[in-house]
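# What follows is a predicted protein model with its sequence.
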Amino acid sequence: MLAQALAFAPRVARTASRVRTFASGREFDVVVIGGGHAGCDAATAAARTGAKTALVTQRADTIGELSCNPSIGGIGKGHLVREVDALDGVIGEAGDMAGIHFRVLNRRKGPAVRGPRAQADRDLYKAGMQSLIANTENLCVIEGGAEDLLLDEGDEIDSAAPIAEVESSGTDAGKAAVMASSKATQQERKARIRGVVLADGTEIACRAVVITTGTFLRGVLMIGKERYSGGRHLRDSEEVEPPSVGLAKTLARFGFELGRMKTGTPPRLDGTTIDWDACKIQPSEYPCPPFSYVRQFTGEEVPNAHNLIDCYQSCTNEETHKLVMQYAHTLPEYDGLGGKGNGPRYCPSLYKKVERFPDRNSHNSFLEPEGLNTDIVYPNGMSGPYPEEIQLKIMRTMLGLGAVEIVRPGYDVEYDFVNPQSLTHTLETKKIGGLYLAGQICGTTGYEEAAAQGVIAGANAGKAAGCASRGEEPPAPFVLGRDEAYIGVLIDDLVTKGTNEPYRMFTSRSEYRISLRADNADLRLTAKAADFGLVTRPDRLAALDARESMLNDSIDRLRSFRLFVSEWAERGGNDLMGGSASGRKGSDGKKKSGEEVLKMPHVTLKDVEDIMAEDGVRLLAAAEAMDEGDKKDEALNAASSLTPPTPGSVFDTVEATVKYSSYLDRQEKDMESWRKAQGIRIPGDLVYDHDVFPTFSSEEIEKLKRIRPATFADASNISGLTPQSLVYLYNYVSKRGQFRDRERNKRAKERLSAVE
């Protein structure tokens, strides 16, 4: 049954041959600390730039472990995975290898907010990631705990892996790149990297280090009132992986601002004790939408395309909520937020859901099998570190779970993070040259956010350290702008605004989301990454060239095919393609191109291409009846160009590109107006509530009420306030000001009339 899924398994054995023990003094260009999602993409990115790279992890057999939810992608997160794949990263490829349930979330909405997601088999994901690590040139794995950094100290010391100065191009990325050079941060620099010390005293020399410690930085695990040191529990074991303490002390010694965050994982359930018939089934999509652009282009199916599983939907009820609040006193006491714990707002514990939404009598939970060869089930959204017996009581109140048994109780972990404002847009720290941070240590939550940071930190660390080792000129920084990628939005939000709670990516965080879609990340990013030396695979570059060519050919065909408005209405239906235009006087004499018709709200690319194909068949028959000669050849070519539909690998991209083209100018105008508004004052008596600002999230209303920004520049620095809400706020204040001006003028005229 698993033959296809495990086709890559023989290569996994090679991972062991890459695990090495070194005597002190061995040199690398880059050392990456941590084998989670940030670490895997950081290490492979550094290696792809040509840097000699070591991935240091406590246990090689846990590389690529899905510590919490067995899934990759989702709304906003799926965009990040596709972007990492466009940079030749590994999280998407591992997700495709291990995927056993695929869906595109928000499929009924516009292309800009659709998010690909894959449910993964934990064992296959870990095996796939370890295979990718083992088969990456310039990369080896060192098993051991990273205890501390080896540093050369000194005010304004030169970096051992410098990044060159660049002139600003005027773009978002260009402006950020100016501030990311080694010279720009020299005044703040207090030390530079020269290596890493392992727990056994082994010293590894290097020019750059990427720390991706996840939840391990002074991590504390909690179940009920029980607290014990650790970064996480090993899967299927009571054993705990120890926390990283020495690194935290070094960061504190150099004045990095440290805070505490927490996250939680729910109990794992025995699937044989679940009443599946009582739950609502959620089947996988087929064909399965892959993360990999190369696989998408070649049409290669994901390994488990014919071995998919179903997920199911359960839900809580009033009895569940009663128990959740009744036993709240048994929950842990945290270090952060005065004992309440600083957890993710958008992936809250069950207790936080019930507390925050007291009027709701039910919350959904998707029951997600953890693999093809296990009965263990993950109840999504049900984290809550109550004592184990209380967790069981709560679970048994839910739909279909009346007789459920818990295999392993859920727990919380609280850990240190570093204020990301101490980083540049390359994710290098300003205080220690050659030291990069990525993942939860920067205040984010989620596998996808971690991998996105990892690929940028690894690329910059690898290129800078590799060039220095080879005696080459320092490289320019590799920075993605807010207008280029969600990765650019993520990093810019972190390093400019910071975060006071775990940061999660949403499409609403981008002011350019119309153009930053999950279907076009390779078209946006792969060429830039290739120029930097991050993407070198011939098959990926060939896929990019082919997709660009097919995209342009399809749009050219749409532009060149023209029919009278009445013909479009007749063939496609007046309601769909005619609209009000078909009934206007003189419309019969006007023609519209396929591109213009596709821009209409309810018209699909298939609708247009079906009509083009009909025309092609008619023209082909007429051409074949012509006498032999040049005119017949021309007619045959013209007819045949109309019949083939847009290839599946670019179908969504063609449709979205045409549909959104008229909105892009409006998007840019909105943002230009917003940029000019930075210095405008915000009235102090403004009331922030959902009656006035119905589109604002509860987080935005809460933060605006608390902070009460004086200007729009102040408002733009509030973490969690989206660009769309800032524009809405600007328009509201502008209109309110115009209304008040009119009222003042009206009263002035009335007073003047009274005097006369």
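Thanks, I have it.
# In what element of secondary structure is L392 found?
Per DSSP states H and E, L392 falls inside helix 388-395.
# Let me know the next secondary structure element after that helix.
strand 406-408.
# What pairs with that following strand, parallel or antiparallel?
When pairs are called by DSSP bridges, strand 406-408 turns out to pair with strand 268-270 (antiparallel).
# Now do the buried residues in stretch 338-355.
Within stretch 338-355, the residues that count as buried by 16 or more other C-beta atoms under 10 Å are 341-345, 347-354. Every C-beta, even on glycine, is put in place using the N, C-alpha and C of the backbone.
# Please narrow those to those residing in helices.
Of the buried residues of stretch 338-355, the ones assigned to helices by DSSP state H are L350, Y351, K352, K353, V354.
# which one of the residues you listed sits closest to V654?
Nearest to V654 among those is K353, at 40.6 Å by C-beta to C-beta.
# what ranges do the helices span in the stretch 601-750 of the chain?
605-624, 630-640, 648-676, 698-707, 712-716, 723-755 (DSSP state H, counting those that start in this stretch).
# nope, the stretch 451-600 of the chain is what I meant
Along the stretch 451-600 of the chain, counting by DSSP H, counting those that start in this stretch, helices occupy 486-492, 521-532, 538-560, 565-572, 594-598.
# end-to-end on stretch 308-325?
End-to-end distance for stretch 308-325, by C-alpha to C-alpha, to the nearest Å: 38 Å.
# er, stretch 146-165 actually
Start-to-end, stretch 146-165 (C-alpha to C-alpha) is 32 Å.
# Give me the buried positions along that stretch.
146-149, 151-152, 157, 159-164.
# Mind picking the two most distant members of those?
E147 and A164 (32.6 Å).
# Check the burial of I487 by counting its neighbours.
By other C-beta atoms under 10 Å, 28 other residues sit near I487.
# Surely it and L480 touch.
Yes. I487 lies in contact with L480 (C-beta atoms under 8 Å); the separation is 5.1 Å.
# Can you work out which residues contact both of the two?
I456 (C-beta atoms under 8 Å, 6 or more residues apart in numbering).
# before we move on, back to that, now, the buried residues of stretch 146-165 that are in strands?
Secondary structure from DSSP state E places A146, E147, D148, L149, L151, D152 of the buried residues of stretch 146-165 in strands.
# Return the member of these nearest to F366.
Out of these, the member with the shortest distance to F366 (by C-beta to C-beta) is A146, at 36.2 Å.
# Tell me who's in contact with that closest one.
Counting by C-beta under 8 Å, 6+ apart, A146 has contacts V31, I33, V56, V196, V197, L198, A199, S244, G246, L247.
# and those residues, which are buried?
V31, I33, V56, V196, V197, L198, S244, L247.
# just curious, which of those residues is nearest to R48?
V31 (16.2 Å).
# On the three-state scheme, that closest one is what?
strand (DSSP: H, G, I helix; E, B strand; the rest coil).
# Please tell me I have it right and it contacts V209.
Yes. Between V31 and V209 there is a contact under C-beta under 8 Å: 5.1 Å.
# Would you mind listing the residues touching both of those two?
With C-beta under 8 Å, 6+ apart, V31 and V209 have common neighbours V196.
# Now name the helix or strand holding the nearest residue to V220 once chain neighbours are set aside.
Excluding its sequence neighbours, the residue lying closest to V220 (C-beta to C-beta, 6 or more residues apart in numbering) is E414, at 5.0 Å. E414 belongs to strand 411-418 when assigned by DSSP H and E.
# returning to that earlier point: would you report which members of the contacts of A146 are assigned to helices?
Reading helices off those with DSSP H, I get G246, L247.
# Which one of the contacts of A146 is nearest to A118?
I33 (27.6 Å).
# quick one: the helices in the stretch 51-200 of the chain?
Using DSSP H, counting those that start in this stretch, helices in the stretch 51-200 of the chain cover 77-86, 91-98, 122-134, 172-178.
# residues of the shortest one that come out buried?
Think helix 172-178. Applying 16+ other C-beta under 10 Å to helix 172-178 flags D172, A173, A176, A177, V178 as buried.
# Where does pLDDT dip in this protein?
1-25, 575-589, 619, 621, 623-625, 627, 629-642, 674, 737-756 (pLDDT under 70).
# gap between the helix holding L392 and the chain center?
How far helix 388-395 lies from its chain's middle: 33 Å, per C-alpha atoms, centre = their mean, to the nearest Å.
# what's the angle from that helix to strand 411-418?
Orientation of helix 388-395 against strand 411-418 (axes from the mean of the first three to the mean of the last three C-alpha atoms, to 10 degrees) gives an angle of 100 degrees.
# What residues of helix 388-395 count as buried?
Neighbour-count burial for helix 388-395 [16+ other C-beta under 10 Å]: E388, I390, Q391, L392, K393, I394, M395.
# repeat for stretch 419-434
Under the neighbour-count rule (16+ other C-beta under 10 Å), stretch 419-434 has 419-420, 422-434 buried.
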